[in-house]
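Trainee: kindly return the folded structure for what I paste below:
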Amino acid sequence: MIKIIKSKLIVVFLKNKLISIDSILPLALEINKCCGYRFYFIIWQYESYRSVIEDNIVMRDMAQSIGKIVCPSDPNRSIISNKIKKISIIINVLSKLFFKRSYVIHFDALDYFPLLLLAKLIKKNRIARCESAITGRYVDNLQNNERIFNRGVLQERSPKGFLSRYEISKYPDNNSGILIGFDSEWNWFKHPDATFCKKLVFDEGKNANRYTRFISKNIDHYLSQENLISLDKNNTIILILGHYGHNETDNNYRNKLLYEALIVLRRLELNVIIKPHIFCDMHLVKSIIKDSKCKGSNIYFTKIHPQVLQKVAFTSIFVNNSSIRCEYKFTGFPVIQYNGGMYDRVFKDRCSDIICSNQHQLKNSLMSLSKDNGNDNKLKKKQENGSSCDKIKKVFCCIES
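Mentor: Numbering: from 1, shown residues only. Presented below is the predicted three-dimensional model:
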């Protein structure tokens, strides 16, 4: 009988954006199930850490069910104390990697100082480089007319042969012996060194077995916590917000689009569940809601993960190009993108679904979707997780040696 390693660890150096922990969690849950590894998630920026712990409770609970989330930064400590804390975490990581069959997963963090030094001390076959977003970004979606090749291009995806458009004199060094992508078109798979790496294409994404089970098991608990469980699904929409108040240049058009969308929602007397971004000026958002004269009783602010909210809403509305559109579209949940005629600001891409350029179109789309009683969107589930485990076991050491 195979004995699963239960004491082994995978250290994950997260980016200072929520998308990195959101992307790695489906895979982390599968690795924990298939191989028994525990996880040590490191978030360097305190604001991002606080957002996970306090404002994204589903991601927090998922991560803590298979490991620990730590942050070496604390605004209440001195600069020196924070530096000492960072050093102690790195030393702790090194000790675990030297004395146990553990791994590091990073999203390019080990390519830069000071973690570049850490990469030089760890065996290459213990370092895994991961694609930074589960939904991916395609090079041809990036507005890069000059086709200048840089390290960032490798974190994107492109069709076969697309990289030949770039003049590549030298590829950047690869310090990782394992490459993990969420799609086979990830450009790091095309790096010359990829031939010598173990590769994992985890294209199950958020349809992965353990991930969907966690959501299904806890969905009513989270909805009840925020008094959303009793909302009428056919009269409720989800509104995903971006960086309101984060960039003064962008505020005017974003404010206008949000205001126009809220006017339509008010007239249809719909319940509106608002999921704010981590960098969102809530005073500004609330002032726009007030100006739109929406009833306070119809507005709900939430900390719940967007996929959990699908159970109590018939559609989602975006006035931006959030990557959450891709996740919703992938699961068959309707996505409305309201651009108010500003196609250069809120542009069409592969994650777009229903596009409305004026309030009349938005109203008609909402009315049509609300009458579609067959729209009972649920997370897709895989029947078996055997294939996921088989792939994972070819990359990570899952039996005790």
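
Trainee: okay, now the domains of this structure?
Mentor: Domain ranges of the chain: 9-208+383-393, 229-370, per automatic domain parsing.

Trainee: for the ones you listed, could you give me TSV that also reports mean pLDDT?
Mentor: Listed next are those as TSV, based on pLDDT from 0 to 100:
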stretch	mean pLDDT
domain 9-208+383-393	88
domain 229-370	92
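
Trainee: so can I have JSON lines of those showing mean neighbour count?
Mentor: Bear in mind the C-beta positions are built from the backbone N, C-alpha and C, glycine included. What follows is those, written out as JSON lines (neighbours: other CB atoms under 10 Å):
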{"stretch": "domain 9-208+383-393", "mean neighbour count": "17"}
{"stretch": "domain 229-370", "mean neighbour count": "18"}
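
Trainee: can you redo these as a markdown table with distance to residue 215?
Mentor: Listed next are the domains of the chain as a markdown table, based on distance: least, CB to CB, whole Å:
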| stretch | distance to residue 215 |
| --- | --- |
| domain 9-208+383-393 | 8 |
| domain 229-370 | 6 |
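
Trainee: relative to residue 220, which of these is closest?
Mentor: For residue 220, the closest of those is domain 229-370, at 6.2 Å, according to CB to CB.

Trainee: how far off centre is the closest one?
Mentor: Here domain 229-370 shows a centroid-to-chain-centroid distance of 18 Å under the convention CA atoms, centre = their mean, to the nearest Å.

Trainee: what's the span of it from first residue to last?
Mentor: Start-to-end span of domain 229-370 (CA to CA, to the nearest Å) is 18 Å.

Trainee: please renumber the chain so that the first residue is 10 from this point on.
Mentor: Done: numbering now begins at 10, and the last item shifts to domain 238-379.

Trainee: ok, now which ones touch residue 113?
Mentor: 19-22, 102, 106, 119, 127, 131, 135-137 (CB atoms under 8 Å, 6 or more residues apart in numbering).

Trainee: helix or strand next in line after the helix or strand containing residue 225, which one?
Mentor: Using DSSP states H and E, the element containing residue 225 is helix 218-234. Note on helix 218-234: by DSSP H and E, the next helix or strand toward the C-terminus is strand 245-249.

Trainee: for that next one, packing partners?
Mentor: The helices and strands touching strand 245-249, judged by 3 or more CB pairs under 8 Å, 6 or more residues apart in numbering; DSSP states H and E, are helix 257-276, strand 280-284, helix 315-318, strand 324-327.

Trainee: output the contacting helices and strands for the longest one.
Mentor: Helices and strands in packing contact with helix 257-276 are listed as strand 245-249, helix 291-301, strand 344-347, helix 368-379; criterion 3+ CB pairs under 8 Å, 6+ apart.

Trainee: fine, thanks again, bye for now.
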